[in-house]
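A.B. asks: please find the sequence and the predicted model below.
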Amino acid sequence: MESFVACEGCDQLYRHRPLARGEKAICQQCGTRLYGSSIDSLERTLALNLAALALFFVANVMLFLHVSLEGHAQSNRIYSGVYELAAFDYMPLAVLILFTTMLAPLVKILVTLYAVSSALMGRRLPGVAGAMRAAELLSTWSMLEVYLLAVIVAIGKLSQMATVDLRIGSYAFFALILVSTWANSALETEAVWSRLEESP
Amino acid sequence: MSSTRAASAQLIRCTGCEMLSRATALQAGHVARCRRCGTRLHLRKPQSLQRAWALVLTAFVFYIPANLYPVMYTGELGQSEGDTILSGVQSMYASGWWVVGTLIFFASITVPLLKLLSLTFLLASVQVGSRWRPRERAVLYRIVEYIGRWSMLDMFVVSLTVALIQLGAVANVQPGPGATWFAGVVVITMLAAMSFDPRLIWDSLEDEGEKEKA
């Protein structure tokens, strides 16, 4: 029974067959992605999420943009928007933006690292199942790539009236989006669970 | 290719670890859990249609204040002016920012409305047990599921603009109540799309097939 998979989108049953690196299985009936290659999935996921974690800190700690207009100047970090919205008493919106652009991406990296490390060590650490489910749920709410487009639009709008310069934080942020997209495609649920299944 | 579905083979797919478990009759008060990861097993997402309908209708209600109230107030040297989503796009076009204006128009007006209409259509078609073009409906669902997050674009732009333009007396930007309503629309429609179970589209085909055989 372990050698069968069901499509998430239409419940069609398929026999599971191992894939070469870079291959993916697609449901014939509805076109939903079934699974990808498990080869080195855990190692790639670990490496890419560690890189993403480092970039996340650089992107959030360092200055992001510098704006100057008629002698006034200010520097901003990624979360400056959240801070200003909270200052204007727009708490629900501030919390939502904090969650989708900082908390969800960060917690997702951390729980993925936890689950993948557990599988690589061959030890079933407490809460691994919860960590895997949290990682999947958080990927829906992590909106870094949407935020990137918003940054580009905002710079475009502002550059008409003010001078906008990119700082280190924004370069780290661009790199973070590339690395985390890559990290997402590396993680195979089956690779984690088949390894945990064999372990105590 | 033998065309068998997990449910008709008495198999349940675990939402946590994707493993298949044999469906067995449960005693009252008991719940089935996945043997491998312990996640609670459901043949289909629980109360999928009821939840999705409730969320879609709520999103339609939120959509009205989201478009009527200003999402942002812009002020320069003492004057302040409110912009709704639509008037914001209009003023971008008026300033000649075609690319940005079209992007915001697409993300904030086209996508949320098409998404709500698509979900309504998918829900209605499953409700009446339609057998019409299941594959196209499956593709529509995947588009709706993928594209929903991009509607947050304008809210992120508002938050960034508010943060970037706090230059005291020279220029000042404040958020407006429309922004909160609009963010509500985006979140509630995303929840609606997550509640909908696309397997239901294919379930109605199976029911009909069984009726014909009988």
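C.D. replies: Good, I have the coordinates. Residues are numbered from 1 along each chain as shown, chains lettered A, B, ... in the order given.
A.B. asks: the helix or strand of chain A with the lowest mean pLDDT pairs with which strands?
C.D. replies: Among the helices and strands of chain A, strand A:72-76 carries the lowest confidence by mean pLDDT, DSSP states H and E, at a mean of 80. With DSSP bridges as the test, strand A:72-76 is paired with strand A:65-69 (antiparallel).
A.B. asks: the partner strand - what's its average pLDDT?
C.D. replies: Averaging pLDDT along strand A:65-69 yields 83.
A.B. asks: re earlier: so which bits of the next helix or strand after the least confident helix or strand of chain A are buried?
C.D. replies: Counting by DSSP states H and E, the next helix or strand C-terminal to strand A:72-76 is helix A:80-87. By neighbour count on 16 or more other Cβ atoms under 10 Å in any protein chain shown, the buried set for helix A:80-87 is A:80-82, A:84-86. To be clear about C-beta, it is placed using only N, CA and C from the backbone, and glycine gets the same treatment.
A.B. asks: go on, stretch A:58-69?
C.D. replies: Buried residues in stretch A:58-69 (16+ other Cβ under 10 Å): A:59-60, A:62-67, A:69.
A.B. asks: the least confident helix or strand of chain A vs helix A:80-87, what angle?
C.D. replies: If you take axes from the mean of the first three to the mean of the last three Cα atoms, to 10 degrees, strand A:72-76 sits at 100 degrees to helix A:80-87.
A.B. asks: pick the one among the buried residues of helix A:80-87 closest to A:Ser3.
C.D. replies: Of all these, A:Val82 has the smallest distance to A:Ser3: 47.7 Å, by Cβ to Cβ.
A.B. asks: ok, the closest one touching A:Thr100?
C.D. replies: No: look at A:Val82 against A:Thr100 with Cβ atoms under 8 Å: they stay out of range, at 10.4 Å.
A.B. asks: check which helices and strands the host helix or strand of B:Asn67 sits against.
C.D. replies: Per DSSP H and E: B:Asn67 is located in helix B:48-68. The contact analysis (3 or more Cβ pairs under 8 Å, 6 or more residues apart in numbering or on different chains; DSSP states H and E) places helix B:48-68 against helix B:85-94, helix B:111-127, helix B:177-195.
A.B. asks: how about residues contacting it?
C.D. replies: B:84-86, B:112-113, B:116, B:119-120, B:123, B:126-127, B:177-178, B:181-182, B:184-185, B:188-189, B:191-193, B:195-197, B:200 (Cβ atoms under 8 Å, 6 or more residues apart in numbering or on different chains).
A.B. asks: buried ones in it?
C.D. replies: B:48-49, B:51-53, B:55-56, B:58-60, B:62-63, B:66-67.
A.B. asks: pLDDT on it, on average?
C.D. replies: Computed over helix B:48-68, the average pLDDT equals 97.
A.B. asks: does whichever helix or strand A:Leu137 is part of reach chain B?
C.D. replies: Using DSSP H and E, A:Leu137 maps to helix A:128-141. Yes: residues of helix A:128-141 contacting chain B under Cβ under 8 Å from any Cβ of the partner chain: A:129, A:132-133, A:140.
A.B. asks: on that earlier part again, and of the buried residues of stretch A:58-69, the nearest to A:Ala172?
C.D. replies: A:Ala59 (4.0 Å).
A.B. asks: could you export whichever strand or helix holds that closest one as PDB, CA atoms only?
C.D. replies: For A:Ala59, the element it lies in under DSSP H and E is helix A:41-61. Only the C-alpha atoms of helix A:41-61 are listed here, as PDB (Å, rounded to 0.1, in the frame of the first residue of the first chain):
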ATOM      1  CA  SER A  41      15.800  16.400  -1.000                       C
ATOM      2  CA  LEU A  42      16.600  16.500   2.700                       C
ATOM      3  CA  GLU A  43      20.200  17.700   2.200                       C
ATOM      4  CA  ARG A  44      19.200  20.400  -0.400                       C
ATOM      5  CA  THR A  45      16.300  21.600   1.900                       C
ATOM      6  CA  LEU A  46      18.700  21.800   4.900                       C
ATOM      7  CA  ALA A  47      21.400  23.800   3.000                       C
ATOM      8  CA  LEU A  48      19.000  26.200   1.300                       C
ATOM      9  CA  ASN A  49      17.000  26.900   4.500                       C
ATOM     10  CA  LEU A  50      20.200  27.600   6.400                       C
ATOM     11  CA  ALA A  51      21.100  30.100   3.600                       C
ATOM     12  CA  ALA A  52      17.600  31.600   3.700                       C
ATOM     13  CA  LEU A  53      17.900  32.000   7.500                       C
ATOM     14  CA  ALA A  54      21.200  33.900   7.200                       C
ATOM     15  CA  LEU A  55      19.700  36.200   4.500                       C
ATOM     16  CA  PHE A  56      16.600  36.800   6.500                       C
ATOM     17  CA  PHE A  57      18.600  38.200   9.300                       C
ATOM     18  CA  VAL A  58      20.700  40.500   7.100                       C
ATOM     19  CA  ALA A  59      17.500  41.700   5.200                       C
ATOM     20  CA  ASN A  60      15.800  42.600   8.500                       C
ATOM     21  CA  VAL A  61      18.600  44.000  10.500                       C
END
